[in-house]
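S.K.: Mind looking at a prediction? Sequence and model below.
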Amino acid sequence: MTNTWLIYALGGGWGHLNRALALGRIAAKDRKVTIITNSPYALKINHENCIVNWISEQAGFSTTCQQVREIILNTQCDRLIIDTFPRGLGGELADILPQLQATPRILIHRDINPDYVNAKNLRSFVAQNYDTVIVPGEGQDLPLADLPNVQHTAPWLIRNCEELPDRMSVRSHIFKVNPDIKTILVCAAGNASELSFFAQLTLCLQQNFPHCVVRILAANCPADIPETLWISHHPGIECLAAADIVVGGAGYNTVYECVAVGVPLVAFAFQRLYDRQAKRANQVYRVQNIQQAITTVSTLLDRIEVTRNLSMPTYINGAVQALHYISA
């Protein structure tokens with residue numbers, strides 16, 4: 001046994017990488033964990049004791065597929081864990097997974113578009129090529145959630161609740177604000193092309209709520225945003241837990257992290273090729289445009305108390321649960 005886990009986490013945003021790190025950092029206490037990713041954010045964050053095998057997002061389609069195939073075929077591992085895309089993001093795993101029958105293969109089944117599932121005949125492919133399917137908190141109605149080898153967990157989070165820093169310390173040292181002032185945090189965790197939208201949103205919120213603190217959490221400072229409004233911090237859940245209201249997209253991390261820490265999320269459902277953000281946004285305060293976001297934030301501000309009086313959140317981290325399923 002090599003005592004090595006290999007996690008496939010291709011995808012251009014934070015979601016796939018964060019899920020991989022959420023699991024990998026726990027698994028890395030007892031084994032070697034390698035993550036394959038092409039997320040540009042991989043170069044900006046702590047790798048949580050995992051080995052990150054980064055493929056540049058500038059690499060072409062065929063080059064990326066070939067590098068992935070070479071890494072998987074040349075890595076000795078006793079667990080192969082694939083996030084979201086059973087055949088690989090570009091179909092590059094379709095012909096190599098059958099060659100790996102001796103290696104336990106685990107699919108992490110986040111919600112995906114049923115049209116993609118049907119077009120690629122994924123039900124049959126997953127049944128033939130995966131030993132276990134783990135649903136990380138996305139419910140019973142996913143396209144593949146009724147397969148016989150499915151295990152459900154709570155959402156995967158990159159920090160356990162007892163690991164979160166004190167909210168007032170985050171406000172003072174990261175937000176750099178008076179902890180007593182209500183705080184609105186714009187979470188710009190989507191695609192890089194959406195950063196300008198989040199910058200415009202941040203300025204509108206600052207203009208409409210002058211008695212609140214407004215900050216934008218982003219990997220890079222947007223153009224036209226004063227650096228005093230910008231926060232660059234990973235993992236983002238530590239900042240979300242210290243805010244009174246979060247405004248962002250309806251991606252996996254943003255939604256489930258806000259739900260876990262008990263902070264209201266005002267969310268835009270962005271269009272994605274595979275992910276159904278509109279479906280996930282039903283769990284939070286979905287809005288269609290900036291004006292609706294301002295109206296919703298105003299309503300929420302009238303309801304909430306400043307977080308200085310709130311206790312630390314408590315939640316179950318599904319990544320810990322998943323560790324047991326995968327180890328078994």
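M.R.: Great, that's in hand.
S.K.: Quick one: find the helix or strand in the protein with the lowest mean pLDDT.
M.R.: Among the helices and strands of the chain, helix 167-170 carries the lowest confidence by mean pLDDT, DSSP states H and E, at a mean of 92.
S.K.: what's the following helix or strand after that helix?
M.R.: Following helix 167-170 in sequence order, the next helix or strand is strand 183-187 (DSSP states H and E).
S.K.: Could you spell out the sheet neighbours of that next one, each with its direction?
M.R.: Take DSSP bridges as the rule and strand 183-187 pairs in its sheet with strand 213-217 (parallel), strand 245-249 (parallel).
S.K.: ok and the next helix or strand after the last one relative to strand 183-187, angle-wise?
M.R.: On the C-terminal side of strand 245-249, the nearest following helix or strand under DSSP H and E is helix 252-261. Counting by axes from the mean of the first three to the mean of the last three CA atoms, to 10 degrees, helix 252-261 points 150 degrees away from the direction of strand 183-187.
S.K.: how distant is helix 252-261 from the center of its chain?
M.R.: On the basis of CA atoms, centre = their mean, to the nearest Å, helix 252-261 sits 9 Å off its chain's mean C-alpha point.
S.K.: Average the pLDDT values over it and round to the nearest integer.
M.R.: Mean pLDDT, computed over helix 252-261, is 96.
S.K.: how much space between Gly13 and His152?
M.R.: With distances taken as CB to CB, to the nearest Å, Gly13 is found 24 Å from His152. Using the backbone N, CA and C atoms, a C-beta is placed for each residue, glycine as well.
S.K.: Low-confidence ranges, this protein, go.
M.R.: Low-confidence segments of the chain (pLDDT under 70): 1-2, 305-311.
S.K.: can we see that at 50?
M.R.: 1, 307-308 (pLDDT under 50).
S.K.: can you pull out the strands in it?
M.R.: Secondary structure of the chain (DSSP state E): strands at 4-8, 32-37, 51-54, 79-83, 105-108, 132-136, 150-153, 183-187, 213-217, 230-231, 245-249, 265-268, 285-287.
S.K.: Include mean neighbour count and distance to Ser193 when you put these into TSV, please.
M.R.: Shown next, in TSV, are the strands of the chain (neighbours: other CB atoms under 10 Å; distance: least, CB to CB, whole Å):
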stretch	mean neighbour count	distance to Ser193
strand 4-8	24	24
strand 32-37	22	19
strand 51-54	17	21
strand 79-83	24	22
strand 105-108	24	25
strand 132-136	23	26
strand 150-153	19	32
strand 183-187	26	16
strand 213-217	24	16
strand 230-231	18	18
strand 245-249	28	12
strand 265-268	26	14
strand 285-287	18	20
